[in-house]
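[1] Test case, fold it:
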Amino acid sequence: MLLIEIKDFIAFLTINYPEKRNALTPELLTDIHKNLEAFSKNDDVRCVVIRGFGNKVFSSGYDISAIPVAPLSGKRQETPDTLLQAFDTIKNFPYPTIAMLNGHAFGAGFNLCACCDIRIAADDIKLRMTPARLGVAYHPKGIQQFIEAFGMARTKEIFYTATSFQGKSLLQKGLVDYMIPRADLEEFTHAYAQKITQNAPLSLKGIKKIISMFENDMALNQQKLKEADQLIQKCFQSDDLKEGQAAFLEKRVPGFKGK
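    I've put the predicted structure just below:
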């Protein structure tokens with residue numbers, strides 16, 4: 001469920017699924033897309049702040065149990081359309097977007113943050129990108145969004161190590177823009193968003209659009225997308241994916257064999 005509050009030209013979107021650590025469900029992703037599409041039709045919302053419900057988890061990511069493993073049927077595995085659609089909508093929203101990291105963000109939850117223009121974090125959160133620990137080759141659009149947000153070298157570290165980033169390293173590595181004591185996070189983020197909304201609407205939209213023109217130069221051609229898809233399918237049809245899922249659910253270290 002997505003909670004929405006609009007105040008001072010700012011839309012506050014809250015990922016509200018505490019019983020599953022604010023996982024990104026298809027329904028919630030669709031709600032994000034539809035609401036941002038509606039906001040983009042006028043200038044009543046000039047900044048969007050996305051946060052998680054509670055004070056422990058921003059989002060644990062896409063529900064791991066929803067990833068099918070089909071090595072026998074040979075069925076193709078596609079990245080969920082709702083995930084790609086929601087992240088594109090966040091990325092391309094005409095006004096600035098802020099991820100207010102009031103809790104940990106893992107997997108697709110981290111990806112959602114990468115799609116926002118600004119990341120403001122409580123000082124006790126963790127960020128982690130998990131596909132390599134699960135036996136998954138992450139989809140190229142998501143990796144591109146990380147490169148645009150954090151650069152090539154940092155994206156390599158995030159994906160290759162699958163480590164949890166926390167504390168001062170979040171700022172040192174440029175994964176967040178501000179780290180704020182938890183008690184002050186909401187007030188700081190609101191004040192920061194107000195600084196944005198006090199600026200000229202046409203300037204904000206024009207500047208964001210021009211910045212996106214530079215990012216679009218990184219677009220992948222069809223041949224590269226085909227090669228990436230082959231790599232993704234190979235992972236989804238592997239024994240390692242089944243082992244990665246089982247280890248995740250059983251809270252143990254996976255034993256990968258590379259096949």
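[2] Pick out the residue nearest the middle of this protein.
    residue 112 (1.7 Å; Cα atoms, centre = their mean).
[3] Does residue 234 touch residue 137 like I think?
    Yes - between residue 234 and residue 137 a contact is recorded at 7.4 Å, counting by Cβ atoms under 8 Å. For every residue, glycine as well, the C-beta is placed using N, CA and C.
[4] Please say which of those two ends up with more neighbours.
    Taking other Cβ atoms under 10 Å, residue 234 and residue 137 do not tie; residue 137 has more neighbours (20 against 12).
[5] Can you report how many residues neighbour residue 249?
    Around residue 249 there are 10 residues (other Cβ under 10 Å).
[6] Walking through the stretch 51-200 of the chain, point out its strands one by one.
    57-59, 97-101, 104-106, 118-122, 126-128, 164-166, 178-180 (DSSP state E, counting those that start in this stretch).
[7] Make CSV from those and add mean pLDDT, mean neighbour count and distance to residue 17 to it.
    Listed next are those as CSV, based on pLDDT from 0 to 100; neighbours: other Cβ atoms under 10 Å; distance: least, Cβ to Cβ, whole Å:
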stretch, mean pLDDT, mean neighbour count, distance to residue 17
strand 57-59, 97, 28, 8
strand 97-101, 98, 28, 16
strand 104-106, 97, 25, 14
strand 118-122, 98, 23, 19
strand 126-128, 98, 21, 19
strand 164-166, 97, 17, 21
strand 178-180, 97, 18, 24
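[8] Next, format these as JSON lines and append distance to residue 254.
    Converted to JSON lines, the strands of the stretch 51-200 of the chain look like this (distance: least, Cβ to Cβ, whole Å):
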{"stretch": "strand 57-59", "distance to residue 254": "22"}
{"stretch": "strand 97-101", "distance to residue 254": "27"}
{"stretch": "strand 104-106", "distance to residue 254": "16"}
{"stretch": "strand 118-122", "distance to residue 254": "28"}
{"stretch": "strand 126-128", "distance to residue 254": "15"}
{"stretch": "strand 164-166", "distance to residue 254": "16"}
{"stretch": "strand 178-180", "distance to residue 254": "31"}
